[in-house]
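Colleague: Provided below are the primary sequence and the corresponding predicted coordinates.
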Amino acid sequence: MLRERARAAAAGTGAGSVHIIDFREKKEIKILQLHSAQVFDIRCSLQHGLFFTAGGDGQFSVCSLDALSSLAIRKLCAEKVRSIDVHPQQTEVAVASGDGYVRIFSLPDLEEKKMFRAHELSANCVKYHPQGDYLLSGGRDAHLKAWDCKADFAPIVSIPAHNFALYSIVFSPDEKLFATASRDKTIKLWDAERISFLLRIDHEKFEGHVNSVNRLLWTEDALVSAGDDRAVLVWKVE
């Protein structure tokens, strides 16, 4: 997650620590014990020199990119904090947590500017549209929801997108599509302008995952998925 800064990356562990790795030196340069349970997500704001972590202990951590040190740790809920995303214009950060709420913090002061109930069960993932028009959220209730960033996060649409919990949302590099990953073992592709369903990727038809799909990454060349079956699959989307 920190590769833009000195070619470094941050890796979270199940024990709550974050390990900073320098690719040039090929060594670990720092360990930060930020959580008392697993680290679910790490995101950074290069403009403000910050990076953020989400933990299974219900805490949201804020750290300095320059000093590689903790600046603040906030207890958001008794449940897990699973997902973080930074607005494309670096004006705010969205945090999804196990109490079903999405919290919006302004940048760089990190004041809580909005908190809204996004899902009946856990809110598992959040992702801003690349132009900042809307925020997507996915929950344990298997729903995909869109929220209007320009209208104080008013609801745009709620879709029963999967059979089980959503765990990851990513946009394509050309911003025309986004993909969702779910515990139901599938990946789904969506039209980003209409927020409408396009394609279901499963094991039976596409030789996809046989267990929960937990994380997605969309590179310039391919969509990459990782799941509980310990498989990393690479998809060419045309």
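Modeller: Nice, I can see it.
Colleague: Can you give me the neighbour number for the closest residue to E193 other than its chain neighbours?
Modeller: Nearest non-adjacent residue to E193, counting by Cβ to Cβ, 6 or more residues apart in numbering: K176, 7.2 Å away. In this view, the C-beta of every residue, glycine as well, is placed from N, C-alpha and C. K176 has 10 neighbours, counted by other Cβ atoms under 10 Å.
Colleague: Show me what A181 bridges to in the sheet.
Modeller: Applying DSSP bridges to A181 gives these bridge partners: S168, I187.
Colleague: What's the separation between it and R194?
Modeller: Noted for A181: a distance of 20 Å to R194, by Cβ to Cβ, to the nearest Å.
Colleague: which one of those two has more residues nearby?
Modeller: Comparing A181 with R194 by other Cβ under 10 Å, the one with more neighbours is A181, at 29 against 9.
Colleague: That one reaches Y167, doesn't it?
Modeller: Yes - using Cβ atoms under 8 Å, A181 is in contact with Y167, at 5.3 Å.
Colleague: can you list residues touching both of these two?
Modeller: Taking Cβ atoms under 8 Å, 6 or more residues apart in numbering as the criterion, A181 and Y167 both touch V213, N214, R215.
Colleague: ok, now which ones touch the residue nearest to the first one when sequence neighbours are not counted?
Modeller: The shortest distance from V213 to any residue other than its chain neighbours is 3.9 Å, reached at A181 (Cβ to Cβ, 6+ apart). A181 makes contacts with L166, Y167, S168, I169, I187, V213, N214, R215, L216, S225, G227, as judged by Cβ under 8 Å, 6+ apart.
Colleague: With I156 instead?
Modeller: Counted by Cβ under 8 Å, 6+ apart, I156 has contacts Y134, K145, A146, W147, D148, I195.
Colleague: what's the average pLDDT for the helix or strand hosting I156?
Modeller: Per DSSP states H and E, I156 falls inside strand 154-160. The average pLDDT for strand 154-160 rounds to 98.
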